[in-house]
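Undergrad: requesting a structural model of the entry that follows:
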Amino acid sequence: MALAVTAPDSYYTSSSANLESGTNQDIGDKQIFLKLLVAQMENQDPLNPSDPTQMSAQLAQFNMVEQQTNTNKLLEQMVANQSSGGSTDSAASYLGKVVTVNQSSIDYSGTTQNFAVDIGANSGSNYIVISDQDGNPIHTLSLGALPAGKHQLSWDGKTDAGPKAQYGSYFIDVISADAQGLKVPATVQRSGVVDAVRMTTDGVQLMVGGTLAGISDVTEIRL
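TA: Here you go, the predicted structure:
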C-alpha cells in the first residue's frame, strides 16, 4: 500500500504566518516565492498532486506581484528625486534665464572662467585655490583683505607651473580668515544661462554654462 506523504499542518501555518508578517518587499521577492513553491511541491500528496493549471495560475499571480513591486520602486524613486530636486515642470521655468548658483566646480575649455566669492564678514586674508579632479592644487591666488559681500573674479586657465591648464573639470575653493586668523564663511558662486534641464540620479538638475547644478543651489534668478 502506498504511503501518502503530506506536509504537517505546522508547515502551512508557519509559512502563511511568515508571509503575512513579511514586508511588501518580501512578498515580491522571487526567491522567497520559489522556495515556497518548491516546498509545496516536495510536500504534496503523491496520490493527489497539485494541479498544473493551479501552479501556472500561482506563477502568473507572482509575476503580477513582482511587476507591481518594481513599479512601486520606480514611483518611489521618482518621488524621491522630485522631492530632492524639484519636478521637471517647475525646473522648465528656469530655461533661458540667468541664474546664480552656489557651486565650486567649473569646466575649463580654454576660455576665461568667471565666478564670484560671497564672503560672510570682513576678512583679513583670502586665498583662491583651484584644484584638478584628483584634488591637486594647480593655481593659488592671494586676494588680501576683502569686505563682506560678493566679489567678481575670473580664472584664465593659468597654473602656478606656468603653462595653461588642460581642458577638463576643476574645483575652486576659497579660504577666508579675519584679522585674528579665525575662519570666515565664504561661498563660491557661478552665474550663467540655463540651457537644459536634466533628470539625474540626484534629482532634477539645471545645465548652467555647461555644468550641472542642483535647483536647491540656485540663489538668484534674472531674466
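
Undergrad: for the rest of this, base every contact and every neighbour count on C-alpha atoms.
TA: Noted.

Undergrad: can you give me the strands in the protein?
TA: Here the chain has its strands, by DSSP state E, at 98-102, 105-108, 113-119, 125-131, 137-142, 149-155, 168-177, 186-200, 203-208, 211-214, 218-222.

Undergrad: now the ones you listed as JSON lines including mean pLDDT?
TA: JSON lines is the format used below for these (pLDDT from 0 to 100):
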{"stretch": "strand 98-102", "mean pLDDT": "92"}
{"stretch": "strand 105-108", "mean pLDDT": "89"}
{"stretch": "strand 113-119", "mean pLDDT": "93"}
{"stretch": "strand 125-131", "mean pLDDT": "95"}
{"stretch": "strand 137-142", "mean pLDDT": "94"}
{"stretch": "strand 149-155", "mean pLDDT": "94"}
{"stretch": "strand 168-177", "mean pLDDT": "94"}
{"stretch": "strand 186-200", "mean pLDDT": "90"}
{"stretch": "strand 203-208", "mean pLDDT": "87"}
{"stretch": "strand 211-214", "mean pLDDT": "86"}
{"stretch": "strand 218-222", "mean pLDDT": "87"}
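
Undergrad: what's the most buried one of these?
TA: A comparison of these by mean neighbour count, using mean count of other Cα atoms under 10 Å, puts strand 203-208 on top with a mean of 23.

Undergrad: excluding chain neighbours, what is closest to residue 142?
TA: The shortest distance from residue 142 to any non-neighbouring residue, by Cα to Cα, 6 or more residues apart in numbering, is to residue 127 (4.6 Å).

Undergrad: measure the one you found to residue 176 for me?
TA: Residue 127 is 7 Å from residue 176, where distance means Cα to Cα, to the nearest Å.

Undergrad: quick one on the thing from earlier: which residues does the residue nearest to residue 142 contact?
TA: Counting by Cα atoms under 8 Å, 6 or more residues apart in numbering, residue 127 touches 140-144, 174-176.

Undergrad: what of residue 176?
TA: Residue 176 makes contact with 119, 123-127, 183-186, according to Cα under 8 Å, 6+ apart.

Undergrad: what's the closest of those to residue 149?
TA: The closest of the contacts of residue 176 to residue 149 turns out to be residue 119 (Cα to Cα; 5.2 Å).

Undergrad: now do the contacts for the closest one.
TA: 147-150, 176, 184-187.

Undergrad: tell me which of those residues is nearest to residue 92?
TA: residue 187 (26.2 Å).

Undergrad: quick one: residue 117 and residue 186 touch, right?
TA: Yes: the criterion here is Cα atoms under 8 Å, and residue 117 meets it with residue 186 at 6.6 Å.
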